[in-house]
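In: Structure of the sequence below:
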Amino acid sequence: MFEVILPLYVAFVVLCVFVFMSHHTLSSSLQSIATEIKDNGIDLPPSFIEELKDEMYNIVQETIEGMNPPTAADHLMGALGQLVQMKLAKSMNLLDAISPAPPEGEPSE
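Out: Reported below is the predicted structural model:
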């Protein structure tokens, strides 16, 4: 049994050391990159920034144009969903679990 557990234990320890070393290497690399960016700043061409703004504007505009006001059917489906949800909660006795019981000595409404 010891012959089976020992290799698994050694493999686990090696894996933990590998993960720790990878984490340490990556975090120090990211730290040095962040320090370099903080010291030197990022030089982006103005055309890139304008293209980015235009693209974001187009995405927002397409999203807003694609929105439709809710119809009566949407409101009816929302009300129906609420009723079904309440019925299921009552059948599973969830309403009693959700609403707190009044303290003893106080009449319930």
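
In: roughly how far apart are Val17 and Ala89?
Out: Remark: distance between Val17 and Ala89 (Cβ to Cβ, to the nearest Å) = 51 Å. Just so you know, the C-beta spots here come from the backbone N, C-alpha and C atoms, and that holds for glycine as well.

In: between these two, which one's more packed in?
Out: Neighbour count, other Cβ atoms under 10 Å: between Val17 and Ala89, Ala89 has more, with 14 against 10.

In: Are there helices or strands packed against the longest helix along the chain, and which ones?
Out: In the chain, with assignment by DSSP state H, the single longest helix is helix 2-40. Contacts defined by 3 or more Cβ pairs under 8 Å, 6 or more residues apart in numbering; DSSP states H and E place helix 2-40 against no helix or strand at all.

In: Now do the end-to-end distance for stretch 31-48.
Out: 26 Å (Cα to Cα, to the nearest Å).

In: residues of that stretch that come out buried?
Out: Within stretch 31-48, not a single residue qualifies as buried, counting by 16 or more other Cβ atoms under 10 Å.

In: Contacts for it, please.
Out: With contacts defined as Cβ atoms under 8 Å, 6 or more residues apart in numbering, stretch 31-48 is touched by no residue outside it.

In: Average pLDDT for that stretch, rounded please.
Out: Regarding stretch 31-48, the rounded mean pLDDT is 86.

In: Kindly report the same for stretch 6-19.
Out: Here the average pLDDT along stretch 6-19 is 95.

In: Output it as CSV - backbone C-alpha positions only.
Out: Provided in CSV are the C-alpha atoms of stretch 6-19 (Å, rounded to 0.1, in the frame of the first residue of the first chain):
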residue,chain,number,x,y,z
LEU,A,6,4.2,7.3,-2.0
PRO,A,7,4.3,8.1,-5.8
LEU,A,8,0.9,9.8,-5.6
TYR,A,9,2.1,11.9,-2.6
VAL,A,10,5.4,12.8,-4.4
ALA,A,11,3.5,13.7,-7.6
PHE,A,12,1.1,15.9,-5.6
VAL,A,13,4.0,17.7,-3.9
VAL,A,14,5.8,18.2,-7.2
LEU,A,15,2.6,19.6,-8.7
CYS,A,16,2.2,22.0,-5.8
VAL,A,17,5.8,23.2,-6.1
PHE,A,18,5.3,23.7,-9.9
VAL,A,19,2.1,25.7,-9.4
